[in-house]
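> Sequence unavailable; structure follows:
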């Protein structure tokens, strides 16, 4: 009855009804239809709609463009939010990309610890730029794959290595290896691998399978190179118009989604590795000498490089906390 009266007052007096104005929230993602992350976003949308009437419409597989385009569309009102990884994150809260540097984390326990300890600070970084974080989750742990028979990172420098333009870490590693990156947008990468324009690339095992990039791969360097964070965000202006009760329901549902998504993504990554082995992809172990060399290069040329997106002190705090729990 109250909802009906609110609607009548809206029609008669032209007042602003949050429920009517923001009933549909448009969210874009690069995750393909049928992927774990996209399926869970759809489940999240259904649950929120059933409890609040607010419907999140999910646009998967980059149909709204790459992440940079998504952020532009959000800022001009064509979208309300997005599920994004590092390129989109950097466009909003570049400090958060400190989590994305190679060789920072040793295991999932460390990732969970840093997320929990810094979550309020991370959330504030996004809010200061006009976004509300609904969920902190992850794309997963990235590895390097190659169409060529390679023995490790140094050998990979002889191949054509893909980088997402504007993605600092992916652009820098090929240069460490003595070559130049080849830039392609994510939706164009499959064709680039098919034609041989791209011979080596980094991604998670599950994404390599779901995006079909691994159809052409011969080798995976069996070294957990880099953690790739992910967040689901909406415009704070949109968020602020929801009633307190609606906000509470969305936050509780998002928190449940975050836990399920993280658990399922991690499980899927381990299962994907086994599937890759079944496809005959060779898992190459790195010798300790090469790991040590890579660690030194990455820390010197990526962690605290002048072109980093975060203050050095921010990463130093994270590293100090990780070192403390390792003792």
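Received, thanks. What you see is a predicted model; the values in this text were computed from it and never measured. Residues are numbered from 1 along each chain as shown.

> From now on I want contacts and neighbour counts done on CA atoms only, so please keep to that.
Fine.

> now the helix or strand that residue 42 is a member of, how far from the chain's geometric center?
Assessed by DSSP states H and E, residue 42 sits inside helix 36-52. How far helix 36-52 lies from its chain's middle: 18 Å, per CA atoms, centre = their mean, to the nearest Å.

> which parts of it are buried?
Buried residues in helix 36-52, defined by neighbour count with 16 or more other CA atoms under 10 Å: 36-42, 44-49.

> who does that helix touch, helix- and strand-wise?
strand 55-59, helix 244-278 (3 or more CA pairs under 8 Å, 6 or more residues apart in numbering; DSSP states H and E).

> Quick check: which of those is nearest to residue 324?
Among these, the nearest to residue 324 by CA to CA is helix 244-278 (24.4 Å).

> between the closest one and helix 36-52, how big is the angle?
160 degrees (axes from the mean of the first three to the mean of the last three CA atoms, to 10 degrees).

> Give me the contacts around the following helix or strand past helix 244-278.
Following helix 244-278 in sequence order, the next helix or strand is strand 282-284 (DSSP H and E). Applying CA atoms under 8 Å, 6 or more residues apart in numbering, the contact partners of strand 282-284 are 151, 152, 218, 219, 220, 221, 222, 277.

> ok, strand 282-284: who's next to it in the sheet?
Strand pairing for strand 282-284, determined by DSSP bridges: strand 219-235 (parallel).

> Might you calculate how far the partner strand sits from the centre of the chain?
Here strand 219-235 is found 6 Å from its chain centre; the criterion is CA atoms, centre = their mean.

> what's the model's confidence in it, averaged?
Averaging pLDDT along strand 219-235 gives 97.

> in the next helix or strand after it, what's buried?
Using DSSP H and E, the helix or strand that directly follows strand 219-235 along the chain is helix 236-240. The neighbour-count check on helix 236-240 (16+ other CA under 10 Å) flags 236, 238, 239 as buried.

> Format those as CSV; extra columns: distance to residue 94.
Formatted as CSV, the buried residues of helix 236-240 follow (distance: CA to CA, whole Å):
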residue, distance to residue 94
236, 18
238, 22
239, 22
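
> Nice, that's everything, thank you.
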